[in-house]
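# sequence plus predicted model, see below.
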Amino acid sequence: MARHVGGKKRPVEIGVWHGVTTCRLRAEMASDGVLIAVDPYPIGRLGFSAQRYIASKEVGKVYNGSVRWIRSTGVRAAQDYALSGSHPVDFVFLDADHSYQGLRDDWDAWSSLVAPNGIVALHDSRSNAARQIEDAGSVVFTREVILHDVRFELLETVDTLTVLRRRMES
């Protein structure tokens, strides 16, 4: 996935959690890029989100471009982004709610915001030998809907990851 975000100026990650992938995305994106990191980070038993703290510390160790943290759902963040009048995004990694409805909501919210030739990477969107997840909602939605979306073409699949590119608009 790192090679697909290389040089991108407006990457988005939906579902940051501890920030492991966020670090990789930040390291590989364009040096003048702004990574949008979206996660609702629910408050835990101790009155704060430990995951948010961990992600912030880890991603802060990577010195490339900048990060815009959005504590929100992917759908709400997409609505706000669309209303902001910002340029289309050039990379989206969907790794939040892996249910059928969850991926559907994020796909519906973000897919139209991807620029032509932009990349979408979908986590846990297919089974492999090590992880038989054929009945997972994210796998079913990818197979039934996303892979048939004429706006996008399949670039590759690796492990449980599906990578697509937005076709040029005519």
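On my side now, so go ahead.

# list the contacts for the spatially most central residue of the chain?
By C-alpha atoms, centre = their mean, the chain has its centre lying nearest to Phe93, at 2.0 Å. Neighbouring residues of Phe93 by C-beta atoms under 8 Å, 6 or more residues apart in numbering: Met1, Val5, Pro11, Val12, Glu13, Ile14, Gly15, Thr21, Leu25, Val120, Ala121, His123. All C-beta atoms are positioned from the backbone trio N, CA, C, and that covers glycine.

# and it, what element?
Using DSSP states H and E, the element containing Phe93 is strand 89-94.

# next structured bit after that strand?
For strand 89-94, the following helix or strand on the C-terminal side (DSSP H and E) is helix 100-110.

# need the pLDDT of the closest residue to Ser99 other than its chain neighbours.
Spatial nearest neighbour of Ser99, excluding adjacent residues (C-beta to C-beta, 6 or more residues apart in numbering): Gly137 at 4.0 Å. What the model reports as pLDDT for Gly137 is 92.

# just Ser170 next, same as before
Reported pLDDT for Ser170: 39.

# thinking again about what came up before, and the furthest pair within the contacts of Phe93?
Greatest spacing in the contacts of Phe93, by C-beta to C-beta: Val5 and Gly15 (15.3 Å).
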